Every structure is written in C-alpha cells, then in structure tokens.
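1. have a look at this fold, sequence not included:
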Ligand code: B12
C-alpha cells in the first residue's frame, strides 16, 4: 500500500475497498482495512477522509430513499469505531478542516439521546466538529459551552413537549448572550414541528437527521463564501 | 350540532363494526401524566401516590364531561412497566427525577445478546418475571412483587369499580408491545438494528414463540374480561426506521398471526403506531381482514392519506398532535378536530383521539376544546366525491 499517494485520500484501490466495506455495513472489514493502512504508515486523517466519502454516499442514498434510518445507524456505528481506532493517532483536525462547530444537547427535563447521538455521528461524518453535551442539560450550560468553543451552530433535540419552554429559554439566552455572531439554532426530534420552531425562535427544524446535516452544510458553505 | 342517539358503547361498537355512529366516538389516549397536570398535582406527588393519581384521572373525566371509552384504566406509574412487562428502565419524577419533571425512559441495552437463548428457553413472560424484572430494579423477585402488588390491588379494588360506576368501558382487554417492539426497546435501537442485519437468525429464534405467547395471553384476557379489543404497540418498525424487507420478514408474518387469531374470536386489534407508517399502510389493507384492525396514528403518519388508502377496510384512531395540545390555542385545536371529523370521520371509520398519548403539559383549554368539538361538530362534508 502506498501511504503517500494522493493528496486527500489513499490509493484509488484502497479508497474503493474501504468505501465498499462501509457500504456493505461490514464493520470488521472496515476496521481491518483501516488498521492495515495505518500500519503501512498512512496518515489517519486520510483514512477518515475516505470514510467520510463513504458516509456521504450513504447519506445520498438515504436522501433518495434507497437507504433507511437503520442503514444510517449501522454506517454511523462503523464510522464511530474507525474514529475510536484512529483517535489516539489522530492529530486534532485543524480548524481549517472542520466544516464548522456544533454544540448539541437534549435540554433540562428530557433524557432522550438516541436521535441526538445519531445526528451527532452524521455531523461528524460530514466533517463538523461536534460538542455533544448529553441529556438533561441546562440552558446556562449550553450558553457557556457555545461560547467556549465559539459554536457556529447549536442544536437541541427534544422528544417531549415539556422541553419546548426550555428550548425557548435557551434560544433567548443564546440570542442575548452577546456573541460576535449568534450561532444558528436548529431543533429536531420526534415531537418537533415547524410551529415549534417558530415558538422557540429557532432557525431550522427537522425530524430527519440527514436534513439537519444538509442544512448545516449549506449554511456553513454560504457563510464561508461570505453570503 | 349533533343529535346524540346512541350510548357510549353503541357509538364505539358502531365504528368498530364499520357502521355510521351518531357522532364520532371520542377516546383520548388519556394518561396519568396529563391528569396530574390538569389537576395541578406535581408529577413527583402523583407518581409516588397512585391512589391520588387515579383520583386525578377520575376528576378530569368528570370535570371535562367524560368521553366514550377508556384507553388506560389505571395510572401508569413508573412501576407499571414491571407489571406490563416492558423491558425498560423508567425514571420517575420525585424518585429519580426532580419533582416537576415528566416521566422518562432511559433506553439502554437491558437485554443482552446472550439473553436471546434465555428467552428461547424460558419464554418471554418467565424470562421477564424471573430475570429481567429483577435486573431492571436491581433487586430480587420479592422486591418486584412488592412493587407490583399494590398496583394490581388498586386496579382491581378502585379503578375498575370507579370507572364502571361512570358507565364507561375499557377499549382493550389487554395491551402489549409487539414482540419486535419489545425486543427493540430491550436491546435498544442501535443494538437491535445490528441484530437484525448481522444476526437475523438469533432474532428469528425468539419471534415465533413470543408471538404464540402473546396470542395466548391476549386470548386469556379477552375470555376473562369479555372485552372484544386488544392493543398492540409498535413504534419501531415503520419505514421511518427500516426498509420494507425488514418489515416483511420480522414483523408482518407475526402480525398477521396475531390479528387473525384475535379476529377468529371476534376481537379487533388496535395498533398503537408511532412514527411514520405512511409507506407501510398498504400492507394492512393487503394482508389483514376488513374490519379486523384499528390504527392509532401519532401525527407523523398522514392520517388523511391513510383515510384515502384504508377507507372502508380499517378504522383510524387519532390524531391531535402533541405540539398542538401543549402550545396550540383552543381555536387551532377545534379547527383540527373539525378537519378530522370532516375528512376522516364523515362516514364512520374514525375514533377521535390524540397523537400517541395525551401530552403531560396539555393545556386545559385545549383538552376541553378537543372534547367539545368532538361532541358537537357535525361533519360538513358527507363524502370526498360529493365535496
Ligand atoms: C419509541 C417511543 C417511545 C418508547 C421509548 C423511547 C425512549 N427511548 O425513550 C416508549 C414506548 C417507552 C415511549 C414512552 C413514552 N412516550 Co414515546 N415515543 C416513542 C417514539 C415513537 C419514537 C422515539 C424514538 O425512538 N425515535 C427514534 C429516534 C432515532 O428518532 P428521533 O429521536 O426523532 O431522532 C431522529 C430525528 O428527529 C433527528 N433528530 C433528533 N434530534 C435531533 C436534533 C437536531 C438538532 C436535529 C437537526 C435532528 C435531530 O435525528 C434522528 C434520526 O433522523 C416517539 C414518536 C416519534 N414519532 O418520534 C414517541 C414520543 C416521543 N413519546 C411520546 C410520549 C407521550 C411518551 C410517554 C410520555 C407516554 C406515556 N404516557 O407513558 C412515555 C414516556 C417517554 C419518556 N419520557 O421517556 C410523545 C411525546 C410527546 C409529548 N407530549 O411530550 C411522542 C413524541 C409521540 C407523539 N407523537 O406524541 N415512547
């Protein structure tokens, strides 16, 4: 295996087989191929890039209805395992590499985490830096975290109607917190609707994690282009 | 306005028999969290005092003018899950959560991969009672019994007679999760998805026996109670989660068995279907006998499209959205209920209800508007084709 080949990814063949392993949802094979490339001296970031390219295909197939949430979950789990494997040797991705920084939380009074964590994994796979604060998080903690990492996006996951008020409170705090530029706020989870988005004062709402990723990507690109 | 000519029971029976009722039957999927909220009792107090919670449920029924049949007949406190064999850890307000919090589920891998063998050997009920329940509360069988016994006593000694005194009957002889859903909750979504894709045979080792057990349990309860309805919960199999091939292999065949067994006893199966089943609805029409099923939809499935597809074949139950209950205005609620009656219920085939369950922060004026509109609104449109 030629470790240095290609500026952005491994050899065409190595890239293709890693990508195929992910598209086959073959966890063991993906890890085996990643390890082999690592042992051959390839930079971990290049391996991750290949995985991201595969995840992009998974996302596209989901968008066209070929894949379902189950396949996003399986591919996401594999992606997480590769990142775990490479993390010890992975230099922190330079800020320039990141699509943007996202703070995610399920807010006070709600402990649902499954949908939020799926969204977090898919964001990471799309190249975002994610700070997942967990569940039952206070609005104050969100503001502190968003400030500390200079978040471009803040996402709230909610499965209970009782969290609407808390989302509203957190959104108010974020908007009034004197950020240079206030982070974009997005909400998701089975109980949210566009009415809830308006009620909370968020910028975007979805019950589909891939839609959330697409929106963040679009906004990030627009911001980068200075639009 | 509507001229009421039927009793509660007759109205519900008419819709279940695919006939036209005098007005739409109203059966909100009313749960104790909402009752506490509407009575101004904190969740912490209510969850630790099931008697008080039951009193709140009765009070709301009386003060809001009642409805046509009951969804749950006793309060669903955190330990109710032990009695109804739900493979989940519940976090109760006032015990595990702050006093004012809503009931929470902490989904985790409480059923391990190795447990599939145990389930296959012991059967689901024995596995749950002897192994899983103890694991869930980190205690022994005596402790499990000690938690369940007072709830069963309350249900028998207070709830059943109090509701009977009000002349309102339960809709269901029994409620249970579909075997697929039970495994999904107990294994947790991600692990179960891996099981389905990577070790399907393991899952198929237990599904047939779990289905047989469920049918036996349902049949026993139907015979004992004389109630001709059962409720089957499924929130994890639709095209929101899985491709049709998973639905067709791991869910549909077992579902057909359950519905046909019930139907052969004259029992209608109600499906509590959360998540978007839009793409799965044709299977119900194609594979289940006409009139044998009711679908409770949670507003993520388009109930109006469901009506088009299943009109005259299945019955729909729903679907006032959760967000409308908690942050909508009474006018919005009334308008939505009118639309349901006009477009879904005009020719029968609708039981008026909410999405999933009544919200734990449903506004009193919204609950009132829901019931009032259901009782009084006469359908404007006799049929789609005439409109
Ligand atoms: C399965 C389920 C259950 C299961 C357990 C779920 C669990 N782990 O807690 C059981 C049966 C135990 C259950 C119980 C109850 N449930 Co329930 N349940 C559901 C259901 C059907 C699906 C939830 C789920 O598993 N989703 C799977 C994940 C993958 O989906 P997701 O969270 O939506 O995430 C996706 C997207 O939304 C997105 N996403 C998620 N977060 C974010 C964040 C951002 C920023 C973005 C961009 C995207 C994003 O990414 C994911 C992938 O696409 C929902 C209904 C629904 N349609 O969602 C009701 C629902 C959450 N339940 C509801 C209710 C009422 C209850 C109960 C209170 C009922 C009762 N009286 O006992 C209890 C208590 C629940 C609790 N507090 O924990 C209501 C809540 C509404 C309300 N009024 O608050 C819902 C919304 C149903 C409804 N439409 O009314 N429930």
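-> Thanks, I have it. This one's a predicted model, so the numbers in the text were calculated from it and none came from an experiment.
2. quickly check: stretch A:113-128 near the ligand or not.
-> Yes. Residues of stretch A:113-128 are located near the ligand by CB under 6 Å from any ligand atom, namely A:114-116, A:118-119. All C-beta atoms are positioned from the backbone trio N, CA, C, and that covers glycine.
3. quick one: which of those has the most company?
-> Using other CB atoms under 10 Å in any protein chain shown as the neighbour criterion, residue A:119 leads these with 29 neighbours.
4. how many neighbours does the residue lying closest to residue B:191 once chain neighbours are set aside have?
-> Closest residue to residue B:191 apart from its sequence neighbours, by CB to CB, 6 or more residues apart in numbering or on different chains: residue B:109 at 5.2 Å. By other CB under 10 Å, the residues close to residue B:109 number 13.
5. ranges for the strands of chain A?
-> A:101-106, A:129-132, A:153-157, A:184-188, A:204-206 (DSSP state E).
6. how close does the residue of chain A found nearest chain B get to residue A:189?
-> Residue of chain A nearest chain B, by CB to the nearest CB: residue A:161 (3.9 Å). From residue A:161 across to residue A:189, the span is 11 Å (CB to CB, to the nearest Å).
7. ditto for residue A:59
-> Residue A:59 is 19 Å from residue A:189, by CB to CB.
8. what's the longest helix in the chain?
-> No chain specified, so I'll use chain A. Longest among the helix segments of chain A by residue count, using DSSP state H, is helix A:44-63.
9. um, chain B though
-> Chain B, longest helix under DSSP H: helix B:200-225.
10. determine the set of other helices and strands touching that helix.
-> With contacts taken as 3 or more CB pairs under 8 Å, 6 or more residues apart in numbering or on different chains; DSSP states H and E, helix B:200-225 sits against helix B:115-122, helix B:124-127, strand B:174-177, helix B:179-187, helix B:189-198, strand B:229-234, helix B:244-250, helix B:252-264.
11. now do the phi/psi pair for residue B:112.
-> Note on residue B:112: its backbone torsions stand at phi -90, psi 170 [degrees, to the nearest 10].
12. give the contact list for it.
-> If a contact means CB atoms under 8 Å, 6 or more residues apart in numbering or on different chains, then residue B:112 has no contacts.
13. any idea which helix or strand carries the nearest residue to residue A:196 once chain neighbours are set aside?
-> Of all residues not flanking residue A:196 in the chain, residue B:323 sits nearest, at 5.3 Å (CB to CB, 6+ apart). Assigned by DSSP states H and E, residue B:323 belongs to helix B:322-327.
14. helices and strands around the next helix or strand after that helix, which ones?
-> Where DSSP H and E defines the elements, the next helix or strand beyond helix B:322-327 is helix B:330-343. Applying 3+ CB pairs under 8 Å, 6+ apart, one finds that helix B:330-343 contacts helix B:303-310, strand B:315-320, helix B:322-327, strand B:350-354, helix B:364-376.
15. need the residues that contact the last one.
-> To tie it back to what came earlier, the one meant is helix B:364-376. B:1-2, B:23-24, B:26, B:28, B:34, B:38, B:60, B:64-65, B:67, B:320, B:324-326, B:328-331, B:333-334, B:337-338, B:341, B:352, B:354, B:358.
16. what about residue B:72, how many residues nearby?
-> Counted with other CB under 10 Å, residue B:72 comes out at 19.
17. how near is it to residue B:310?
-> Residue B:72 is 25 Å from residue B:310, by CB to CB.
18. remind me which residues of chain B are low pLDDT?
-> For chain B, the stretches with pLDDT under 70 are B:381-387.
19. can you name the residue of it nearest chain A?
-> At 3.9 Å from chain A, residue B:326 is the closest residue in chain B, using CB to the nearest CB.
20. nearest spatial neighbour of that residue, chain-adjacent residues omitted?
-> Counting by CB to CB, 6+ apart, the residue nearest residue B:326 is residue A:161, at 3.9 Å.
21. what's the burial count for the one you found?
-> 23.
22. not counting sequence-adjacent ones, nearest residue to the spatially most central residue of chain A?
-> By CA atoms, centre = their mean, chain A has its centre lying nearest to residue A:123, at 1.4 Å. Distances taken as CB to CB, 6+ apart put residue A:130 closest to residue A:123, at 5.1 Å, once the chain neighbours are dropped.
23. and the helices in chain A?
-> Going by DSSP H, chain A shows helices at A:12-23, A:27-39, A:44-63, A:69-86, A:114-125, A:139-149, A:164-175, A:194-200, A:209-224.
24. please produce TSV containing those, extended by mean pLDDT.
-> TSV is the format used below for these (pLDDT from 0 to 100):
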stretch	mean pLDDT
helix A:12-23	92
helix A:27-39	94
helix A:44-63	92
helix A:69-86	93
helix A:114-125	92
helix A:139-149	95
helix A:164-175	94
helix A:194-200	94
helix A:209-224	93
